[in-house]
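[1] Attaching a predicted model along with its sequence, questions to come.
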Amino acid sequence: MKRRDFLKNSLAASAFVSLSCAATAQEHASQKAPAQEYYELRAYRLKSAATEPMLDEFLSKAALPALNRLGIKPVGVFGEIQPKDPPTVFVLIPYANPAQYAGAVHHVAADPEYQKAGAAYLETPKSKPVYDRIDSWFMLAFAGMPRIVLPAYSKQGKPRIFEMRTYESYSESKALKKVAMFNNGEIDAMHEVGLAPIFYGQALTGPNLPHLTYMTSAENEEAHKKHWDAFGKHPKWDQLKNDPQYADTVSKITKWFLTPKPCSQI
């Protein structure tokens, strides 16, 4: 073999090995790190408390079954423990990727079973609207908890309560720092004290950006308060909250105490 051909073949082989190694490393990395889900969080601002039963029936008999037929689950449906007048109903929908989110709108609307089961809601007259508006946020799951996690009492449909929190930040960089703070130990500390987180999401679109939203849970309000008290004393939380890099990451906190609707899958 000529020296020129030998060098050419050697370089090609080396390049192939390098690419193969890189591909293998990437494959292993993808196997170790589950893909981050995406979430749509909807807030149905009802016209009045009298329209809530119609929304409940639509969600339970039309919307959730249609989403489930597309492989989209679990879907959470929540009302406030102390509802305002008019009340708000929250719906949490997980998606594998943005394409599934975009496609679901078309597929659900074209689903004949959905159209039939949801007819009363979908065809309600202008004079009797069910809601005033629907707010919607599209979120990316945190790397530290890339998928929805259901505690045993949710899986078994036992009594349970949820607290959902939104942390707003005054700048995009500070919002990302707060996400990093969760990923670098805050999520782990919450698990360790029994706060039973359900999801964490960085808001990509929707009102009041930049912010993140997350949800914790418990079997009852007393247990939830006990878990939060333990979190406040956790050494990892004490370390994180005093770390200068995470200073001023949150400018406003909004809390909702929620109970699952009968149709909720969370």
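    Yes, it's here.
[2] so for stretch 119-130, what's the average pLDDT?
    For stretch 119-130, mean pLDDT is 96.
[3] Repeat that for stretch 133-144.
    Here the average pLDDT along stretch 133-144 is 98.
[4] now do stretch 195-213
    So the average pLDDT for stretch 195-213 ends up being 97.
[5] Output that stretch as CSV - backbone C-alpha positions only.
    Extracted C-alpha coordinates of stretch 195-213, given in CSV (Å, rounded to 0.1, in the frame of the first residue of the first chain):
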residue,chain,number,x,y,z
LEU,A,195,-43.2,17.7,50.3
ALA,A,196,-43.9,15.3,47.5
PRO,A,197,-43.3,17.6,44.5
ILE,A,198,-45.6,16.9,41.5
PHE,A,199,-43.9,19.1,38.8
TYR,A,200,-41.5,22.0,38.3
GLY,A,201,-41.9,24.2,35.2
GLN,A,202,-40.0,27.1,33.7
ALA,A,203,-42.6,29.3,32.0
LEU,A,204,-41.7,29.9,28.3
THR,A,205,-44.9,31.7,27.3
GLY,A,206,-47.8,33.3,29.0
PRO,A,207,-48.6,36.2,31.3
ASN,A,208,-46.2,37.6,34.0
LEU,A,209,-42.9,36.4,32.6
PRO,A,210,-40.3,35.6,33.7
HIS,A,211,-41.3,33.1,36.3
LEU,A,212,-41.4,29.4,37.3
THR,A,213,-44.3,27.3,38.7
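[6] roughly how far is that stretch from the heart of the chain?
    The chain centre lies 7 Å from the centre of stretch 195-213; the measure is C-alpha atoms, centre = their mean, to the nearest Å.
[7] Pairing partners for residue 137 in the sheet, please.
    With DSSP bridges as the criterion, residue 137 is bridged to residue 41.
[8] Look up how far residue 152 lies from it.
    Distance of residue 137 to residue 152, computed by C-beta to C-beta, to the nearest Å: 28 Å. C-betas here are computed from N, CA, C, even on glycine.
[9] Just want to know which of those two has more residues nearby.
    residue 137 (20 against 10; other C-beta atoms under 10 Å).
[10] you'd agree residue 86 is up against residue 44?
    No. Taking C-beta atoms under 8 Å as the definition, residue 86 is not a contact partner of residue 44, at 9.9 Å.
[11] Of those two, which one has the most company?
    Comparing residue 86 with residue 44 by other C-beta under 10 Å, the one with more neighbours is residue 44, at 25 against 16.
[12] The nearest residue to that one once chain neighbours are set aside: what secondary structure?
    Nearest residue to residue 44 in three dimensions, chain neighbours excluded: residue 89, at 4.4 Å (C-beta to C-beta, 6 or more residues apart in numbering). For residue 89, the assignment made with DSSP: H, G, I helix; E, B strand; the rest coil gives strand.
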